[in-house]
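Below is the structure, and that's it, no one-letter string:
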């Protein structure tokens, strides 16, 4: 079966640092997503991509960059980590365009900023 | 903004059947209702989805009101493993020429299961 792999699982950064999170999927899915989840809150969409080299802003794109280098991978960059920031970043993928398959999620990258 | 409304928390006892409500009064005709659940330290797990008809699978039964303004996820004979945050979300159906890929999550319902 397929899998969505997020690396790293845990990320500790310094204030002001640029941090990159990676996501790989082997489902051959078209669309990939990056969500942010803060403690006790719902998921908020940062960026998504419907195909290779495509990029669509979500509701929380400010302070982030993303890159869909190839169909199977989608990376997210925190452009300047904020002091005491703690959140979980979740990657998801889905096969769309006529096949309304439910998006599947990775296990997340847990970010802590010192 | 989230387009669904769910209770913040619910409690159940092992073996009971749980009814998790979700209100989506402004749902559009081309929006599917999706349910996910999430346990600590893991990403959301797909449970079920539907458009208009009730659906059932090995995990749950989804009852959709005839006017589609609300739905209920029914978990039969819950166990401790069913304790999780349950998210009810709407997703626009996609066509070959377009559509909205976004999922909008609310805070979900925290389901606690007592032994």
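Now that the structure is in, tell me what you want to look at. Everything quoted here is computed from the prediction, not taken from an experiment.

Where is the longest strand in chain A?
strand A:86-94 (DSSP state E).

Now do the buried residues in that strand.
A:87, A:88, A:89, A:90, A:91, A:92, A:93, A:94 (16 or more other Cβ atoms under 10 Å in any protein chain shown). Every residue, glycine included, has its C-beta placed from N, CA and C.

Does chain A have contacts with the helix or strand of chain B with the lowest mean pLDDT?
Least confident element among the helices and strands of chain B, by mean pLDDT, DSSP states H and E: strand B:84-92 (a mean of 90). Yes - if you take Cβ under 8 Å from any Cβ of the partner chain as the test, strand B:84-92 does meet chain A, through B:87, B:91.

Now do the next helix or strand after that strand: which elements does it pack against?
Note on strand B:84-92: by DSSP states H and E, the next helix or strand toward the C-terminus is strand B:109-114. With contacts taken as 3 or more Cβ pairs under 8 Å, 6 or more residues apart in numbering or on different chains; DSSP states H and E, strand B:109-114 sits against strand B:9-13, strand B:18-23, strand B:84-92.

so who does residue A:31 touch?
Shown in contact with residue A:31 (Cβ atoms under 8 Å, 6 or more residues apart in numbering or on different chains): A:48, A:49, A:50, A:51, A:93, A:94, A:95, A:96, A:103, B:101.

Out of the residues you listed, which comes closest to residue B:13?
Nearest to residue B:13 among the contacts of residue A:31, counting by Cβ to Cβ, is residue A:103 at 32.1 Å.

and the residue of chain B nearest chain A?
Chain A sits closest to residue B:43 of chain B, with a gap of 3.3 Å, by Cβ to the nearest Cβ.
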